[in-house]
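Q: Quick check, what structure comes out for this input:
(4 chains)
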Protein chains: 4
Amino acid sequence: MGFRDECGVVGIYGAENAAALSYFALTSLQHRGQESAGIAVSDGNKIKLRKDMGLVSDVFKQGHFETLNGNIAVGHVRYATAGGRTIDNAQPFMNSFKNGSIALAHNGQLVNHTKLREMLEDHGSTFSSSSDSEVILKLIVRKYIENGGHLGTPNEEENNSELNQQRFVEAVVQTAKLISGSFALCIMTENMLIGVRDPNGIRPLCIGGFDTPASQALNHRDGGQFILTSESCAIDSVNGRFVRDVEPGEIVVINKDGLRSIKYAEDKKRTCIFEYVYFARPDSVIDGISVQEARYRMGEVLAEESPVDADVVIGVPDSGLGAAQGYARASGVPYGMGIIKNKYIGRTFIAPTQKERENMVFVKLNAIRSDLEGKRVIVIDDSIVRGTTSRRLVQILRRAGAKEVHFRVSSPQVKFPCHLGIDTPSKNELISSNHELEEIRKEIGADSLAFISLEGMKKAFGADSFCKGCFNGEYPV
Amino acid sequence: MGFRDECGVVGIYGAENAAALSYFALTSLQHRGQESAGIAVSDGNKIKLRKDMGLVSDVFKQGHFETLNGNIAVGHVRYATAGGRTIDNAQPFMNSFKNGSIALAHNGQLVNHTKLREMLEDHGSTFSSSSDSEVILKLIVRKYIENGGHLGTPNEEENNSELNQQRFVEAVVQTAKLISGSFALCIMTENMLIGVRDPNGIRPLCIGGFDTPASQALNHRDGGQFILTSESCAIDSVNGRFVRDVEPGEIVVINKDGLRSIKYAEDKKRTCIFEYVYFARPDSVIDGISVQEARYRMGEVLAEESPVDADVVIGVPDSGLGAAQGYARASGVPYGMGIIKNKYIGRTFIAPTQKERENMVFVKLNAIRSDLEGKRVIVIDDSIVRGTTSRRLVQILRRAGAKEVHFRVSSPQVKFPCHLGIDTPSKNELISSNHELEEIRKEIGADSLAFISLEGMKKAFGADSFCKGCFNGEYPV
Amino acid sequence: MGFRDECGVVGIYGAENAAALSYFALTSLQHRGQESAGIAVSDGNKIKLRKDMGLVSDVFKQGHFETLNGNIAVGHVRYATAGGRTIDNAQPFMNSFKNGSIALAHNGQLVNHTKLREMLEDHGSTFSSSSDSEVILKLIVRKYIENGGHLGTPNEEENNSELNQQRFVEAVVQTAKLISGSFALCIMTENMLIGVRDPNGIRPLCIGGFDTPASQALNHRDGGQFILTSESCAIDSVNGRFVRDVEPGEIVVINKDGLRSIKYAEDKKRTCIFEYVYFARPDSVIDGISVQEARYRMGEVLAEESPVDADVVIGVPDSGLGAAQGYARASGVPYGMGIIKNKYIGRTFIAPTQKERENMVFVKLNAIRSDLEGKRVIVIDDSIVRGTTSRRLVQILRRAGAKEVHFRVSSPQVKFPCHLGIDTPSKNELISSNHELEEIRKEIGADSLAFISLEGMKKAFGADSFCKGCFNGEYPV
Amino acid sequence: MGFRDECGVVGIYGAENAAALSYFALTSLQHRGQESAGIAVSDGNKIKLRKDMGLVSDVFKQGHFETLNGNIAVGHVRYATAGGRTIDNAQPFMNSFKNGSIALAHNGQLVNHTKLREMLEDHGSTFSSSSDSEVILKLIVRKYIENGGHLGTPNEEENNSELNQQRFVEAVVQTAKLISGSFALCIMTENMLIGVRDPNGIRPLCIGGFDTPASQALNHRDGGQFILTSESCAIDSVNGRFVRDVEPGEIVVINKDGLRSIKYAEDKKRTCIFEYVYFARPDSVIDGISVQEARYRMGEVLAEESPVDADVVIGVPDSGLGAAQGYARASGVPYGMGIIKNKYIGRTFIAPTQKERENMVFVKLNAIRSDLEGKRVIVIDDSIVRGTTSRRLVQILRRAGAKEVHFRVSSPQVKFPCHLGIDTPSKNELISSNHELEEIRKEIGADSLAFISLEGMKKAFGADSFCKGCFNGEYPV
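A: Prediction:
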């Protein structure tokens, strides 16, 4: 509660109704971004693009799918920041260039895009947005053009596009090696789909296939049907079959000849731990670890590390529920629902006048009195960022009669801002950056407060291959 | 899953920003109806009304509250049926009449409105909608006019409206005695707020007050500040204090002299049991019973009545979760999350083309494989209406690896349609109306199936004052 | 320029696509009102209504006509006042009542609606708007109910509606006799269309028929096809044939037996002269007089009454053009275009910031320099209301090089506000009400100024049967 | 009637409220394009852009001008074709590049853009639209980058932008020499405004200045205030002062040092004659010739060339009116209005059902019977393209009682499609391309038919420096 992810991406290859499948998949990734939505689709000859501000179901209406025909697509959802709420930055980005077109959807954040942009500008590139994703797109095209000499030009025998596929893939590989930071990319041309994951695999990307009934609809020559997407829940939503994760440092190229893997960099896996803690849906599996299972485990470890006598343990919806259930299992304290989150609070919910602004939290969250009255309550949240929501939450629980409120957090203290794709407040707004634990406890008004330890985190996952930059300031890039 | 409630109502008296508080309260009642929303507000001289199709936050924007000033308001949310999706039927209804204006918000359904409408038409009344709620409004006005003779006309000394308040209240009492069926009403004039609940109390209605800080904003002569609303969660949302339920057969009149109670009929309480099973939010308390507590209890009784050896018990979100947790408590089978419901599926979500229609359920619901794979699963839903959703649900659980699926339902078999405010399919579409238990089990594909018994329901609540018409065909009216 | 008419009305009977024809007709009457538009249509059993704020082509989209099927319709366009811009006052008004439904469209203004509304309220009527047109509708229904006793109830042998047509027509006649002011009404039930014009015929209403090809589409038993409408240009727009005007004090009843005329009051014709001067389209013929011909004649008389040596005569678009051409003919001074009016200035045109407000007129009107430079210019406008536009106009002409500007007005001085359907400013804003001619000339900056005389007006029309209330304060009602 | 122009452009320099002035100017150029509208504005540091589909007054609302602050702006309106109705092609185009940003608005059409695009693509450029205007923008940037070496980089002493102005102007000059076709361009950077007109001056572009009161608002160091725009009527609309036309082959550079002229190519003036015949507003003056005066003259010559005995001469609104008035002057046949064009027919006007499609013309145009009945009528239109509208027009005139209809056209026969910025049908749809005069006369049903001759055209203008490609197939480029 307080973090927000950048985006969700999807790519579809070989399915007759690629845009419709993308629509379903993006709806399943909607929790990763509600600001804008877009789908680019190719019928083999031409890429058509639709993108706009708003939820997936607001941007796409029945009529749009008539023109969005084709069997290759990439799609994108983007989250809402205060500043950059503008159509210019909505994705996918699409451009035409020598012999073809490209559409690109990006989840992540580059750390060297300023330098790359200057380099491109020195060669005459122009930009229509401030997005680092546009830099990636232009870089691929530049590499493709530069490769022209030694890699040859397309010839008639290839396929209906004149694009030189081999040369294009090479350009993507070169680009992947040049860019630094976090990136999960879905890239398409008129007749190819390419997935790219950064060497640290900071943002997730996985591969799915279709057996039935989608394969019956197969109208593609001799290749298969594939889906690339940020989370496996999107594969389920189109009734697909999970195949595997794209590996850190891997590029997958999907075309009429099937799927081909290119390892362009050493796998130095450092998955963002907040994908498990907060962003991803509990029904997703990322890099072999079930998100829901991970949350149970974090709760269990938290119970071992920071036990407390209590009558009920509750979780802050939605991402705190799994940890609360794990805590209950491990501690024996009964699990209760305790808190309700209003699911109709969307982008359009407002404070009618200035006066009501501070009471908006009472509309968003409410306590279930019968679960709490006269009880000693353990409440589990996924994180504490600024501390303001936590303070309000404790108030709500006490208003509902909680005798004691013990606050437990299923992630370590966030002390450093993220530079790899998460919208965090600046360091001086991070309450853990400037306050001792006891100060924070007083600030939020809890009777006790504990965070899971970094060691505990490692124990919960049975592994340590995660980016923990926001906890200890050690970033993989 | 399959039922839908008619509406939610709210009334505010004495609060400076009555429309803003109504906006918050209606947002908290949004689960009771997503088709249309409306607020009428009085500044003491004039009632202004805004209503439109859509969610509360779509209908009301910042600018609207500037004109919606005043300290008395009534508000309404209405649910979406296929047929009547038209602005004509949106509420509150507002009309001007002799000496004043009236706005009315109604949750429920009359059984004698046809006869009453004919009677009114015989006297020259005209109607702008097909709604039974408009009949109530016109009836009140007619009674008010008829009372003119013996109850006297308003005089200057009263207050700034010329409406004869005593005569108006009498008209409401007379009307409440004439109408039959289910009704929870919030009625306002320029300077009064009135709440009415039918003698069976089929739909809920409760009273809240404000201590601080709303009372500091009090700009009313010498009366208090009140809120009337369908569910207590709306009182929490405006940081109010729950006072009590309006009793079946009671009218509460709120004006500058405070709150006055009129018992116009004997209390024959028969609350709709589905308010607890499905409609109401778990954080609401209705007629002294916590909704969440009731759900836990139904799950506990279900565990006693229909135990089964299993590895995990899960609930169908959102209303099945409480019963599942209760079942887990009573049975000792571990509770797991198991199912995720996509919270971004709203009115605008569509099947992109005909082909995708039947796969939409995979976007709406998904299973958490790590909770289910290789396990014997008990799944608790609140009801089975047509059976189609249940069948899809069992498929989804098996797709995620469930070894056995034991279906448990926290309400008895629904065999009769509702005539008192719930949108149910016709009798021949109700699967329990035409099929034996074993047939239904086969139809939905579960390994076992059980419903809670009517006796068990009684035991769970420790009371029997409920309408059970949809179970046994015995309606209170 | 400065006056605005209330509305335009249309009624269609017997044409398969009544709503579509109404759409065309209302588009042709759009100059009479741009605030709201509405069409009610009956398929013989049920009246469906669609109305909303905006232009006809904004309110009605392709999809709407699928549900607006039927062969009887009434339609309405309403003009934009600052105050009453609200959907509540949009027309047609529609209500259901004993045995049937009624939809009503009204152009005009009642002078006794307050008294009538009180009378109706005393009998229990309620109102959903502040419109005097709703009073007419309720009055008709009340009379219909009161007539129930001696005129009998409907019986099965009549037609598919149970409405007693004879009784309903009687109610309309009684109502027409009770209401006072200006009214041109199109009224429909499920199977009748009725037109009503007030005894002074202040607002126009005429009858058209269809020969081919609409008659080929005739699916009605044995009656004909008719259109009632404010202006004959709307008849042309649906390729109909002008039949005659509805006479002042006449009611026309159209049903399966054809058209029947009822004279309910003596014809005391006092057509609003501004229909010719300003409101009506030049291609309309009202009460036997061509609007364009009338404008030519007013210009001719103006030339006789107020000649001046000049090089060119120009008209202020659009309604001043005819008079300018007439002036040119009679005077021999060459006609020139001289002024251009931007036709893209609609309801959505704004002053970007406060600063630009006073310069908006330069966007709306511009002079043609080549017509004016170095010339003595006669400019003809249809009226002067506040004088502000006239002053700006003279500035624009001088900016374009006019050596002399002689202002001529094709209507007499407006000294009194209208109470019969035209939106005029209050008396103290009417420049002619408080200023001598010479003062006005100075105020607007012209070299000379003249208005047509009341005698000249009479001469131009060859008749004197007009309402001249705004000139001399003598109103027919 | 049948032709449509591409666009209108505007540029503002040095005016505090540049976006607001652009809004007014674009509204005055709205007749040149109704598909999309856009304004880019610079505050000296940053260019902000807003563009969308729709009319100027639909795209820009009050709130937008708060963010569109700055004193340099370019704006654009674009006309609606069936195919390319997409936001991708809306203008101005804006891109960031090395050291700065550029926004560009273009009226016209290139003939060598395919070759230039390929050349740019070979160097790695990518395109987000199919517009030839984007090619111009990218070309300028490429030239700017290439000039980097010998022209030096920007230094701190310049101004707040780091853009090297001198180098940028050089790039514009190089680009203007490379592109071929018709182009009137308004180009801006953060602190410069540049106007470019092609060597043939096919599309118009003129310069205006501001005296008062805009100059009082001057907040610019020491330069003046300027407006560049397609038509002089837009200068009038912002109360500016016409200075002169940009000459064919001229570039004007406006910055803090005032206006500087660069002649980059020989002036081979070939203004598009249809600017006078049809596109431009009559109150505009293009290349020293008043549009309205030109229309009078064409009518006069037409009267000399093709006289006929008649009772009235009328013009087809709006562009045929001037020629009709000229014809009347020269022939002595009285001028009458005769035809009314419904001014509320916009983009949203539809045929409600297929059936009504062919009758839509009766809503768009109507005849004034009193001007025509029993008369021999001369009707002047500006052109005949396909002939369908002309046939309907003759029908309408005959329906209104015209005894004879003599059709006269104020432009020669259009036999060839335009490749320089006008949307014409293909050659085989041009009725004059495949039919003899007599065949056309029969086709449209007129009693006689005549076009002005090419010689007559020359005589009317007293000059011959026009593009006459659509008449004789001889294009200047």
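Q: which parts of the stretch 51-200 of chain A sit against chain B?
A: Within the stretch 51-200 of chain A, the positions adjacent to chain B are A:55-58, A:60-62, A:65 by Cβ under 8 Å from any Cβ of the partner chain. From N, CA and C alone the C-beta is placed, and that goes for glycine too.
Q: Narrow the residues you listed to those in helices?
A: If you go by DSSP state H, these have A:56-58, A:65 in helices.
Q: Which pair of those residues spans the longest distance?
A: Farthest pair in those (Cβ to Cβ) is A:Asp58 and A:Phe65. Separation: 14.8 Å.
Q: Neighbour count for those two, which is higher?
A: A:Phe65 (21 against 15; other Cβ atoms under 10 Å in any protein chain shown).
Q: residue contacts, that one?
A: Shown in contact with A:Phe65 (Cβ atoms under 8 Å, 6 or more residues apart in numbering or on different chains): A:17, A:19-20, A:23, B:352-353.
Q: now those residues as JSON lines including neighbour count?
A: Listed next are the contacts of A:Phe65 as JSON lines, based on neighbours: other Cβ atoms under 10 Å in any protein chain shown:
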{"residue": "A:Asn17", "neighbour count": "24"}
{"residue": "A:Ala19", "neighbour count": "27"}
{"residue": "A:Ala20", "neighbour count": "26"}
{"residue": "A:Tyr23", "neighbour count": "31"}
{"residue": "B:Pro352", "neighbour count": "22"}
{"residue": "B:Thr353", "neighbour count": "15"}
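Q: Just give me the least confident of the residues you listed.
A: Ranked by pLDDT, the contacts of A:Phe65 bottom out at B:Thr353, which has 85.
Q: what sits against that residue?
A: Contacts for B:Thr353 were tallied using Cβ under 8 Å, 6+ apart; they are A:17, A:20, A:65.
Q: Nearest to D:Cys186 among these?
A: Nearest to D:Cys186 out of the contacts of B:Thr353 is A:Phe65 (Cβ to Cβ; 38.3 Å).
Q: For that closest one, which non-adjacent residue is spatially closest?
A: Nearest non-adjacent residue to A:Phe65, counting by Cβ to Cβ, 6 or more residues apart in numbering or on different chains: B:Pro352, 4.4 Å away.
Q: which element is the one you found on?
A: In the assignment (DSSP states H and E), B:Pro352 maps to no helix and no strand.
Q: Next, the contact list for it, please.
A: A:17, A:19-20, A:23-24, A:60, A:62, A:65.
Q: biggest separation within the residues you listed, which pair?
A: So, the contacts of B:Pro352 by Cβ to Cβ: farthest apart are A:Phe24 and A:Gln62, at 14.3 Å.
Q: Quick check: whichever residue of chain A sits closest to chain C vs chain B, distance?
A: In chain A, no residue comes nearer to chain C than A:Gly63, which is 11.1 Å away by Cβ to the nearest Cβ. Separation of A:Gly63 from chain B (Cβ to the nearest Cβ, to the nearest Å) stands at 10 Å.
Q: What is the burial count for that residue?
A: 8.
Q: Next one: it from C:Thr67, what distance?
A: The gap separating A:Gly63 from C:Thr67 is 19 Å, by Cβ to Cβ, to the nearest Å.
Q: can you list the residues of the stretch 351-477 of chain A near chain B?
A: Residues of the stretch 351-477 of chain A lying close to chain B (Cβ under 8 Å from any Cβ) are A:352-353, A:355-356, A:359-360, A:362-363, A:366-371.
Q: filter these to the buried ones?
A: Among these, those scoring as buried are A:352, A:356, A:359-360, A:362-363, A:366-371 (criterion: 16 or more other Cβ atoms under 10 Å in any protein chain shown).
Q: phi, psi of A:Ala450?
A: Backbone geometry at A:Ala450, expressed as degrees, to the nearest 10, gives phi -150, psi 150.
Q: residue contacts, it?
A: A:302, A:305-306, A:407-409, A:437.
Q: Filter those residues down to the ones in helices?
A: Using DSSP H, A:302, A:305, A:437 are the members of these that sit in helices.
Q: So how do I select the buried members of those in PyMOL?
A: Buried subset of the ones in helices among the contacts of A:Ala450, written as a PyMOL selection, criterion 16+ other Cβ under 10 Å:
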select buried, chain A and resi 302
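Q: pLDDT added to the ones in helices among the contacts of A:Ala450, as CSV?
A: Shown next, in CSV, are the ones in helices among the contacts of A:Ala450 (pLDDT from 0 to 100):
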residue, pLDDT
A:Leu302, 98
A:Glu305, 98
A:Leu437, 96
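Q: Mind putting the ones in helices among the contacts of A:Ala450 into TSV with distance to D:Asn191?
A: Formatted as TSV, the ones in helices among the contacts of A:Ala450 follow (distance: Cβ to Cβ, whole Å):
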residue	distance to D:Asn191
A:Leu302	58
A:Glu305	61
A:Leu437	53
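Q: Tell me which of the residues of the stretch 351-477 of chain A next to chain B fall in helices.
A: Residues of these located in helices (DSSP H): A:360, A:362-363, A:369-371.
Q: and which of the residues you listed is nearest chain B?
A: Relative to chain B, the closest of these is A:Ser370; by Cβ to the nearest Cβ it sits at 3.6 Å.
Q: right, and the closest one touches B:Gln292 too?
A: Yes. Contact criterion Cβ atoms under 8 Å: A:Ser370 and B:Gln292 qualify, at 5.6 Å.
Q: what does chain A have sitting close to chain D?
A: So far as Cβ under 8 Å from any Cβ goes, chain A lies against chain D at A:94-99, A:102, A:118, A:121-128, A:130, A:137-138, A:141-142, A:145-146, A:148.
Q: Show the buried residues in these.
A: Buried residues within these, counting neighbours by 16+ other Cβ under 10 Å: A:94-99, A:102, A:121, A:123-128, A:137-138, A:141-142, A:145-146.
Q: Which ones among these map onto strands?
A: Counting by DSSP state E, the part of these found in strands is A:94-97, A:102.
Q: I'd like to know which of these is nearest to chain B.
A: A:Met94 (20.1 Å).
Q: who does the closest one bridge with?
A: A:Met94 has these beta-bridge partners by DSSP bridges: A:Ala103.
Q: any idea how far C:Ala303 is from it?
A: Per Cβ to Cβ, A:Met94 is found 65 Å from C:Ala303.
Q: Ok, A:Ser129 next?
A: Going from A:Ser129 to C:Ala303 by Cβ to Cβ gives 64 Å.
Q: No further queries at this time; thank you.
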